[in-house]
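Participant: Build me a structure from this.
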Amino acid sequence: MDWGKVIYIFFSLMSLTTTAGFLYYHDPLALFLAAGVNIISTILKIGVRNLLSTELLASSLVADLHLIPAFIVLTFSHNIELAVALAIGAVVANIYSMALSLIESTKYKSDISEY
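Facilitator: From the prediction side, this is the model:
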């Protein structure tokens, strides 16, 4: 088992689920946690060197650029509707990232079975 990949996938999935948690419970703390976990996920993706690493990093940056403004909007203007709309964009980016991770894992498994 590759523990580096486990941690990498853990934070990717955690960023998706914490953002979905904010969509259920509109609390600034939940949004702060979602943004924080997503930033950690982005940092972990910087060092990844695989087939889809560029797309994975780009999708994580998109989610960051949705969650950080969402937190700022919710904290300072208390506009819940705009914060939720931005968080939905982050969820879409995180779903795309997880789909890419699944594709990459499948590709990795098929490469191993060829040997």
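Participant: Checking residue 26 next. Helix, strand or coil?
Facilitator: coil (DSSP: H, G, I helix; E, B strand; the rest coil).
Participant: what number of residues lie near residue 43?
Facilitator: A count of neighbours around residue 43, defined by other C-beta atoms under 10 Å, yields 11. (Each C-beta comes from the backbone N, C-alpha and C, glycine too.)
Participant: contacting residues around the strand or helix carrying residue 55?
Facilitator: Secondary structure from DSSP states H and E places residue 55 in helix 53-76. Under the criterion C-beta atoms under 8 Å, 6 or more residues apart in numbering, residues 12, 15, 19, 26, 28, 31-32, 34-35, 38-39, 41-42, 45-46, 48, 79-80, 82-84, 86-87, 89-90, 93-94, 96-97, 100-101, 104 lie in contact with helix 53-76.
Participant: Name the residues of that helix that are buried.
Facilitator: 56-60, 62-64, 66-71, 73-74 (16 or more other C-beta atoms under 10 Å).
Participant: So the nearest residue to residue 35 once chain neighbours are set aside versus residue 6, what's the distance?
Facilitator: Spatial nearest neighbour of residue 35, excluding adjacent residues (C-beta to C-beta, 6 or more residues apart in numbering): residue 67 at 4.0 Å. Remark: distance between residue 67 and residue 6 (C-beta to C-beta, to the nearest Å) = 23 Å.
Participant: Quickly find the element holding residue 87.
Facilitator: Going by DSSP H and E, residue 87 is part of helix 80-113.
Participant: For that helix, what is the distance to the chain centroid?
Facilitator: 7 Å (C-alpha atoms, centre = their mean, to the nearest Å).
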